[in-house]
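*Asks:* Whatever this is, show me its structure:
(one chain, ligands or ions: 2)
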Amino acid sequence: MTLLITPPRTPETATGPWPATMRFTAGGRAALGGVDLMEVVRRFGTPAYVMDEADVRLRCRAYRSALPRAEIAYAAKAFWCRAMAAWVRSEGLSLDVCSAGELAVARSAGFPADRIILHGNAKTPADLRAAVDERVGRVVIDDIAEINRLAALVPAGTRQKVLVRVIPDIEAGAHAAIRTGGEDHKFGLSIGGGAAGEAVSRILAQPRLELVGLHCHLGSQIADAAPYEEAARVLVEQLARIRDAHGVVLPQLDLGGGHAIAYTSGQTGLAPARLAAVAASVEERSAGIGLPVPRLTFEPGRAVSGPAGVTLYRVIAVKKGLRRTYVAVDGGMSDNPRPALYGAPHEVRMIGRASLAGEREYMVVGHHCESGDTLAEAVRLPADVRPGDVLGVAATGAYNHTMASTYNMTGRPPVVAVSRGAARLVVRREGVDDLLRRDVGL
Ligand SMILES: Cc1ncc(COP(=O)(O)O)c(C=O)c1O
Ligand SMILES: N[C@@H](CCCC[NH3+])C(=O)O
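*Replies:* Residues are numbered from 1 along each chain as shown. Ligands and ions are numbered 1, 2, ... in the order given. Coordinates of the predicted model:
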């Protein structure tokens, strides 16, 4: 197969949605991680999530080199399995988990507990117990009552490090459902309303907890650095207030994640380099008010795993409707709920054969029983696209596998990792047998 030479892309220069090692060939084929994607289809079937290990690693490195003094904690909720844990661990990242389940995957892959931060607005007893038993590095307090609940689990003679999640009251994020930084959301403790201050006082009075800093998370798919600058300003001010009120200098500031990626060729993500300006402003502001510079943490999820993923589908039906032509595939909202939930756009390419038929506009839909089951609206595909063809959907490495469901008793797709010319299964396909095993009825 002759591969078209495309210049290597880095997270800073990439504007398109395809992974770093994606190569489209003149013959209509596509290769990822040096593997012909039709080979992946032959070996693992469709639908299948394919993850480009090199792209993930490149993004981890871009964060570390743009923010050398900051801690980068990958947000597991975006994409999580033991292979991913091994990649981010070996790239020196820390980890943000928000359940005992995400923590269990991390620990089973040997992820060091002291590099793990546990989040959650409603941590269950099992979440808190797992965090303490596993000795995670930090727990982020998101509720006043959680302070005593957590402290009661910490063994005598030890101390659990904690951060307090405050509400910076900044609205940012690509969709209302993924904005988390305002007063009118379920996350964090209000600064203005006094809950954040009360949490700080209570933790400082609690001998089994050690307050090490403040946390905030604004939302997700934020393409601009300005909201982070503003959040940093609010949080540094709070560090100064805590110092003045309690004589305690907190050493850490966690600014959360939410950095945008490109879902289509027209979009640009928030490159890690743009966050370097936020880090610089924290240094300046801290110096300005006589505070030692806190260690910053960033928690990117989507920006580490999202662009690395391509989902492969088989076309099942092509149907001309009143206003548009539908291309229906063998997956849909069960493996990618984002278009239905947030109106998220996606770029789609036919792979596997060349076409000289020109292009026309289609709506790519899934095979589930509802009209909102759309994968991509108004995408251009070859005019002769037909059942049996294979489509690749870009930028599906974040919040696809982790948010997948078994709607209509559809088993979840496998995850195939590609790297240096080899493909390997890292999460197997869920079959009807798996689904039936849970059904203990009759
Ligand atoms: C506390 C926290 N940190 C990090 C993230 C990761 O977000 P993203 O994948 O948008 O970077 C989230 C999810 O929005 C979150 O809730
Ligand atoms: N699930 C959302 C992101 C939520 C981030 C978690 N706080 C998405 O797919 O965009």
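*Asks:* Just list the residues touching the closest residue to ligand 2 within the stretch 301-442 of the chain, thanks.
*Replies:* In the stretch 301-442 of the chain, the residue that lies nearest ligand 2 is residue 399 (3.1 Å; Cβ to the nearest ligand atom). Just so you know, the C-beta spots here come from the backbone N, C-alpha and C atoms, and that holds for glycine as well. Going by Cβ atoms under 8 Å, 6 or more residues apart in numbering, residue 399 touches 77-79, 301-302, 306, 338.
*Asks:* cool, and residue 18?
*Replies:* Contacts for residue 18 (Cβ under 8 Å, 6+ apart) come out as 307, 310, 347, 394-395.
*Asks:* Out of those residues, give me the two with the largest separation.
*Replies:* For the contacts of residue 18, with distances taken as Cβ to Cβ, the pair at the greatest spread is 307 and 347 (11.2 Å).
*Asks:* so residue 16 sits right up against residue 262, yeah?
*Replies:* Yes. Taking contacts as Cβ atoms under 8 Å, residue 16 lies within contact range of residue 262: 6.4 Å.
*Asks:* if we can go back for a sec, is it true that the residue of the stretch 301-442 of the chain closest to ligand 2 lies in a helix?
*Replies:* No. Checked against DSSP: H, G, I helix; E, B strand; the rest coil, residue 399 lies outside a helix; its state is coil.
*Asks:* re the thing from before, anything in contact with each of residue 307 and residue 347?
*Replies:* Joint contacts of residue 307 and residue 347 (Cβ under 8 Å, 6+ apart) are 17-18, 394-395.
*Asks:* before we move on, the earlier item: which of residue 307 and residue 347 has more residues huddled nearby?
*Replies:* Comparing residue 307 with residue 347 by neighbour count (other Cβ atoms under 10 Å), the higher total belongs to residue 307, at 31 against 20.
*Asks:* who's in contact with that one?
*Replies:* By Cβ under 8 Å, 6+ apart, the neighbours of residue 307 are 11, 14, 17-20, 55, 59, 261-262, 269, 394-395, 397.
*Asks:* Of those, which belong to helices?
*Replies:* Among the contacts of residue 307, the ones falling in helices (DSSP state H) are 55, 59.
*Asks:* circling back to that earlier point, where does the residue of the stretch 301-442 of the chain closest to ligand 2 land on pLDDT?
*Replies:* What the model reports for residue 399 is a pLDDT of 98.
*Asks:* before we move on, what about residue 373?
*Replies:* pLDDT recorded at residue 373 is 98.
*Asks:* What is the burial count for it?
*Replies:* Applying other Cβ under 10 Å, we find 21 residues neighbouring residue 373.
*Asks:* same check, this time on residue 442
*Replies:* By other Cβ under 10 Å, the residues close to residue 442 number 3.
*Asks:* so is the residue of the stretch 1-150 of the chain found nearest ligand 2 in a helix, a strand, or just coil?
*Replies:* Across the stretch 1-150 of the chain, no residue is closer to ligand 2 than residue 77, which sits at 5.5 Å (Cβ to the nearest ligand atom). Of the three states, residue 77 takes helix according to three-state DSSP.
*Asks:* Show me which residues of the stretch 101-250 of the chain are close to ligand 1?
*Replies:* For the stretch 101-250 of the chain, the contact set with ligand 1 under Cβ under 6 Å from any ligand atom comprises 119, 217, 220.
*Asks:* who touches residue 183 in this structure?
*Replies:* The contact partners of residue 183, by Cβ under 8 Å, 6+ apart, come to 167, 169, 190, 192-193.
*Asks:* Residue numbers of the protein in contact with ligand 2?
*Replies:* Near ligand 2, when you scan the chain using Cβ under 6 Å from any ligand atom, you find 77, 178, 220-221, 338, 342, 399, 403.
*Asks:* Out of these, which sit inside helices?
*Replies:* 338, 342.
*Asks:* Could you write me a PyMOL select line covering just the buried ones among the residues of the chain next to ligand 2?
*Replies:* The PyMOL selection below is limited to those of the residues of the chain next to ligand 2 classed as buried (16 or more other Cβ atoms under 10 Å):
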select buried, resi 77+178+220+221+338+342+399+403
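*Asks:* got CSV for the residues of the chain next to ligand 2, with distance to residue 29 too?
*Replies:* Shown next, in CSV, are these (distance: Cβ to Cβ, whole Å):
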residue, distance to residue 29
77, 33
178, 35
220, 34
221, 31
338, 27
342, 31
399, 28
403, 30
